[in-house]
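Novice: for reference, the sequence and a predicted model appear below.
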Amino acid sequence: MTDTGYVQILDLVCGGILLTAVLMLWRRELAAIVRLLVVQGVLLALLAALMGVRESSTELFVVAAGVLVLKAIVLPAVLRRVLRDSGEAREAEPLVNVTASLLAAALLTLLAYGLSRPLVALAPSPTTRALPVGLAVVLLGFFVLVTRRRALSQVVGFLLLDNGITATAFLATAGVPLVVELGVSLDVLLVVLVMQVLAARMRLSFGRTDLDGLRELRD
Amino acid sequence: MSLIGAGLGVIAWGAIAGVTLGALAPSRARALVAGVLTSVVGAGGVLAGLAALGGQGWSLTVTDLLPLGAMTLAVDALSGAFLLLVGAVAVAVGVYSVGYTGPGGRHGAEPDATSGDTTALAGPSSEPGAAGHAEGAASRTAQSALPLFVAAMLLVPAAASVSTLLVLWELMALTSLVLVLAEHRLRASVRDAGLWYAGMTHAGLVAIMLGLVVFAAGAGGESFTALRAGSGDLSPGTRSLVFVLIFIGFGSKAGMVPLHVWLPRAHSEAPSHVSALMSAAMVSLGLYGLIRVGFDLLGGGPHWWGLLVLTVGGLSALYGVLQASVAVDLKRLLAYSTTENVGLMLIGVGAAGMFAADGNRILAGVLMAAAVLHAVNHAAFKTLLFLGAGSVLRATGLRDLDLLGGLARRMPVTTALFAVGALGAAALPPGNGFVSEWVLLQGLIHSVTATGSPSVVAALSIPLAVGVVALTAGLGMVTFVKAFGVGFLARPRSTVAAAASESPLTMRAGMFLAAAACAGLALAPATAGAPLTRLLRVLPSVRDGAPLADSGIALRLAGIAGSMSPLLIALGLLVAGASVAALARRVAQGRPRRVAQAWGSGGARLDPRMEYTATSFAEPLTRVFDDVLRPEHDIDVTPYVESRYLIESVRFRQRVPDRLEARLYPPLLAAATRWGQWSRRLANGSVHRYLAYGFVGLLSVLIVVGISG
C-alpha cells in the first residue's frame, strides 16, 4: 500500500467514525441509532486492520477481529434485544433538541481539534493527525449521556464514549496490545449487560425507561 | 539486625498477629490474645525506644508498599523517647485489658439515671453486664483494633517522610475512632463523642496535611532529610504558615485549648484502657509532631512562634485545670487534666522556642527537656489514673464522683495504686509530676536573670508563665485531692459503691506496672539526663549542652543554680512520717483508749449524706472562678400539698458546661449545617444533572489545559 493511499483510507475511516457519531445525535429512531453503531463498529475494526497492515502485525488483526465481533455483532444484538423488549422506538424528547445538539456537536468537534493540537505536535504523522476524531467522539458520547432520557440511549452514549476511547488509543499509539484490548472489551461487554438488566428492571418498576424516574433515589 | 530493627519487627508482626488472632479467636480467648499481643507490640516499642535513646540510629525504606511512594522509617533519639513512652503505656494497658475486657463487671452498662444529668441518655437501654459486655470493648472489632492502634502509634514517631507520617497518623486516628466507638450500642453519648472526635481529628489531619504539603513543595522533597535540607530556602512567610498549620493540626491531637473539645467526650466514653492509651500516649504524639516539625525539620523559628505556643499552652493549662477541678465525672476530670498537662508541656516547648530564637541554647535545652520529661511523667501517671478509673467503673458502673466513695476498704489495691497516680498528677513531692514541673519552673524562673536584658515580651510573658504554672499546680492538687478523697475515702454514697469488689489480677498487674513506672520516674529522674541530652542533639536550635546533669542521686540543671534530689526528699518524707507515727504511738502509750467513730464529734449519727461530695468540695473554686466557669444552677423546691410554707424536698443540681465550647463551636456547626443544606440542592437526584457535572468538569479542565498549554 502506498503512503498516500494509506492516508486517504485512514482519513476516510476516521471521517466515517465521526460522521456516524454525529448522525447518532441527529436520528431519534432507536433502531436507526443501533444500525449506526454497527457501522461505527465495522469502521473501528477497519481502522484496527488498517493499522495492522501498516505495522504488519498479526496481533492487530486479531484485535480487529475482536472489535468487529464485539462492536458490530454482539453489542448491537444485545441492544436490539433491549429495544424489542422495551417497545420504545423513539427517543421521545431529549433534554436538548436535535438542532441544538448538532450545533453543540460542531462546537465539541472544534474544541477537540483545538485541544489535541499540542498532542499532535508531539509526533506529527498522518495517524496522529487523525487523533482529534477520537477525542471528538469521546465528547459526543459524553454529550449523549448527558442529554438523552431513555436507558437505551444511555447505553448508546456509553458505547460511543468507549468507541471514541478505542479510536484515540489506536490513533495515538499505533496499535493497542491484545491484552489491553481484550480487557477493555470484556469490561464494556459487562457494563452493557448490567445496563441491559437495569433497563429491564426500570421498565418493570416504572413501565418505561426514562432515567428521570430515578430522581427519588437520593440521600 | 540492630535492636531498633528488631523492636520495630516485633511491632509489625505483633500487630499483624493481633489483628488476625483478635478477629479469629473464640470469644473466650479473645481478651487474653488481644491483651497479650498488645503488650508484645508495646514491648517492641520499649525495646526500640531504649536502643534509640541509648544512641543507636536506624532507618529503612520500603518501596512499593504505599501506593503513592516509598514507606520511609527512621529512628533517632527523639523518636526513641516517644517509642519508649507509647510502648511502656501499651505494655501496662495490654496486661490490664485482659481483665478489663474479660467477663464480669458493670462497666458496659448504661450509667445510673441519677448521674446522667450531664449528657443525653436517650439511647436504647440494654441489659447491663454480660450481654452488653461481649459487644462492647470485648467485641471482635475492638479487640483486633487494639494492637493495630498501638502499632500505628508506635510507628508514627518512626516515620521519616511526609506520606508515611500522614498514612500512619490517619491509621492511628481511624483505629482509635473504632475503639472510642466500641460501646456505641450501650450508650447514645458514645456516638456523639465519636462524631466529635472524628470531626476534630480530621480537621487536625487536614491542617497537618496542608502544612506539610506546603513545606514539601517548598523544600523540593517529601522525605524528612529533604525537608531538613530545604527548610532554609523557604521564605519566612512560608515557614511561619507551615508552623502555624502544623501547630493547629498537632495541637488538636494534643488537646490544646480551644481544640480540646473532643478530649472530655472521647476520653470519658471510650473503654477505660483505650482512654489510657489515648490520653497518655496518643496525646503526646501531638507534642512529638510539634517538636519534630517545628524544631527539627523547620529548625526553630522566630520569637513569636515560641510566644504563640507559650500563650496557647498557658491558656490550656489554666482552662484545663479549672474544668478538672470542678468536674464530677471521674474520667471527664482526667480528660481535662490531660489538657492541663499538655498545656504545661506546651509552655515548656514555647519558652524553649523563645529562648532558642534569642540564642540562649542552655535555657532552651532545659525547658525542652522539661517538656519531654513532663510528657513521659504525664504518660505514666495518666495511664495509672485512667486504669484506676476503669477499675472503679468495672466494679461499680459509675463515673460520677458524687455517687462513689468508700472504695478504700473494698478495693484496697486499686485505691493504693490510684493514690500513687494522684500524687504524681498533683505535682507534689515525692510524685513524678513534681520532678518535671520543678524543672519547668526552674527553667522559667532563672530565665530572667540568665538572659541578661530580656525583651519586653519575654519580661512580661515569662513571669506570667511562672504564675500560670504555679496556679495550675495548686489547682491540680485540689483536683486530685478531690478525685482521691471523694472517690475512694469516706463512706460509700450509693449502694453500688458499697457493693464494689476488687478487680481481677491482670488489671491490678497492669496498674502495678504503671505505678512502678511512676515510682521509678519519681525517684530516679536523673537517669533521664543522658537520653535527654541525646534527644536535644536532634534539634538544631537547642543542640548545645546537657540539660540535666546526672550526679548520683541529685538532679542538677545545667547552666542554672538548681539541683534537687527526689530520692532524699522521699527519704526525708518517709523519716518524717515514721517519726510522727512513732511519736503519736509513744504519746498514746499507756493511756486509756476509747473507740469512737472518726469525725463523729462524739456523736454516732454519721451518714453518707453528711460527707463532702465532689460538687461541694469544689464549691469554693466554683465561686472564685464564677466569671470563667459560669456554672448553671437548678433548684427545685417541692412544698407539701397542704401548705406551701412547709417544704417536702429540695433538689439542687449544678452543671459546669464547657464555656469555650458553648461559645465557639455552635456558630461553626450552624454554618457547616447551612452549607450542607445548601449544597444538597446541587444533588437533586437527576442522573442527567450528575452526568452534566462530570461533562462540564471535563470540558473546563480540557479548556483550561488547552489555553494554558
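Specialist: Perfect, thanks for sending it.

Novice: now the residue most central in space within chain A: how far from A:V96?
Specialist: In chain A, the residue lying closest to the centroid (C-alpha atoms, centre = their mean) is A:L160, at 2.2 Å. Taking C-beta to C-beta, to the nearest Å as the measure, A:L160 falls 16 Å from A:V96. Bear in mind the C-beta positions are built from the backbone N, C-alpha and C, glycine included.

Novice: do B:W678 as well
Specialist: As judged by C-beta to C-beta, B:W678 and A:V96 stand 27 Å apart.

Novice: the two: which has the busier surroundings?
Specialist: Applying other C-beta atoms under 10 Å in any protein chain shown to B:W678 and A:V96 shows that A:V96 carries more neighbours, namely 16 against 9.

Novice: need the phi and psi values for the more buried one.
Specialist: Per-residue torsions, A:V96: phi -120, psi 130 (degrees, to the nearest 10).

Novice: ok, it - contacts?
Specialist: Counting by C-beta atoms under 8 Å, 6 or more residues apart in numbering or on different chains, A:V96 makes contact with A:A104, A:T147.

Novice: residue contacts, B:G320?
Specialist: Contacts of B:G320 were listed using C-beta under 8 Å, 6+ apart, and they are B:V257, B:H260, B:Y336, B:S337, B:T338, B:T339, B:E340, B:N341, B:V342, B:G343.

Novice: and the residues you listed, which is closest to A:T128?
Specialist: Top of the list for closeness to A:T128, among the contacts of B:G320 and by C-beta to C-beta, is B:H260 at 60.4 Å.

Novice: report how many residues lie close to the closest one.
Specialist: 27.

Novice: which non-adjacent residue is nearest it?
Specialist: B:T339 (4.6 Å; C-beta to C-beta, 6 or more residues apart in numbering or on different chains).

Novice: could I get the average pLDDT for the helix or strand hosting that neighbour?
Specialist: Element membership for B:T339, per DSSP states H and E: helix B:330-358. For helix B:330-358, the mean per-residue pLDDT is 93.

Novice: distance between the helix or strand following that helix and the chain's centre?
Specialist: Note on helix B:330-358: by DSSP H and E, the next helix or strand toward the C-terminus is helix B:361-396. Mean-position distance between helix B:361-396 and its chain equals 8 Å (C-alpha atoms, centre = their mean, to the nearest Å).

Novice: avg pLDDT for helix B:361-396?
Specialist: Taken as a whole, helix B:361-396 has an average pLDDT of 92.

Novice: could you give the angle of it to helix B:330-358?
Specialist: Interaxial angle of helix B:361-396 relative to helix B:330-358 (axes from the mean of the first three to the mean of the last three C-alpha atoms, to 10 degrees): 170 degrees.

Novice: which SSE is immediately downstream of helix B:361-396?
Specialist: Next in sequence after helix B:361-396, counting helices and strands by DSSP H and E, comes helix B:407-410.

Novice: pull out the buried positions in that next one.
Specialist: In terms of neighbour count (16 or more other C-beta atoms under 10 Å in any protein chain shown), helix B:407-410 has its buried residues at B:L407, B:A408, B:R410.

Novice: ditto for stretch B:486-499
Specialist: By neighbour count on 16+ other C-beta under 10 Å, the buried set for stretch B:486-499 is B:V486, B:G487, B:F488, B:L489, B:A490, B:P492, B:R493, B:S494, B:V496, B:A497, B:A498.

Novice: so what's B:H107 scoring on pLDDT?
Specialist: What the model reports as pLDDT for B:H107 is 76.

Novice: typo on my end, A:I73
Specialist: You'll see A:I73 listed with a pLDDT of 91.

Novice: contact partners for it?
Specialist: Here A:I73 is in contact with A:G41 (C-beta under 8 Å, 6+ apart).

Novice: helices or strands up against the helix holding B:T339?
Specialist: Applying 3 or more C-beta pairs under 8 Å, 6 or more residues apart in numbering or on different chains; DSSP states H and E, one finds that helix B:330-358 contacts helix B:236-254, helix B:262-269, helix B:272-276, helix B:283-289, helix B:303-326, helix B:361-396, helix B:432-450, helix B:456-488.

Novice: run a quick neighbour tally on the nearest residue to B:S503 once chain neighbours are set aside.
Specialist: Leaving aside its sequence neighbours, B:S503 sits nearest to B:S391 (C-beta to C-beta, 6+ apart; 4.4 Å). For B:S391, the neighbour count with other C-beta under 10 Å is 31.

Novice: swap in the one 10 residues further on?
Specialist: For B:L401, the tally of surrounding residues (other C-beta under 10 Å) stands at 27.

Novice: contact partners for it?
Specialist: B:L401 is in contact with B:V328, B:D329, B:L330, B:L333, B:K482, B:A483, B:V486, B:G487, B:T613, B:A614, counting by C-beta under 8 Å, 6+ apart.

Novice: try 7 Å this time
Specialist: Contacts for B:L401 (C-beta atoms under 7 Å, 6 or more residues apart in numbering or on different chains) come out as B:V328, B:L330, B:A483, B:V486, B:G487, B:A614.

Novice: would you agree the fifth one is in contact with B:L330?
Specialist: Right, the one you point to is B:G487. Yes: contact criterion C-beta atoms under 7 Å: B:G487 and B:L330 qualify, at 6.2 Å.

Novice: identify the contacts common to those two.
Specialist: B:V392, B:L401.

Novice: on that earlier part again, now distance to B:A473 too, for the contacts of B:L401, in JSON lines please.
Specialist: Converted to JSON lines, these look like this (distance: C-beta to C-beta, whole Å):
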{"residue": "B:V328", "distance to B:A473": "22"}
{"residue": "B:L330", "distance to B:A473": "21"}
{"residue": "B:A483", "distance to B:A473": "16"}
{"residue": "B:V486", "distance to B:A473": "20"}
{"residue": "B:G487", "distance to B:A473": "21"}
{"residue": "B:A614", "distance to B:A473": "20"}
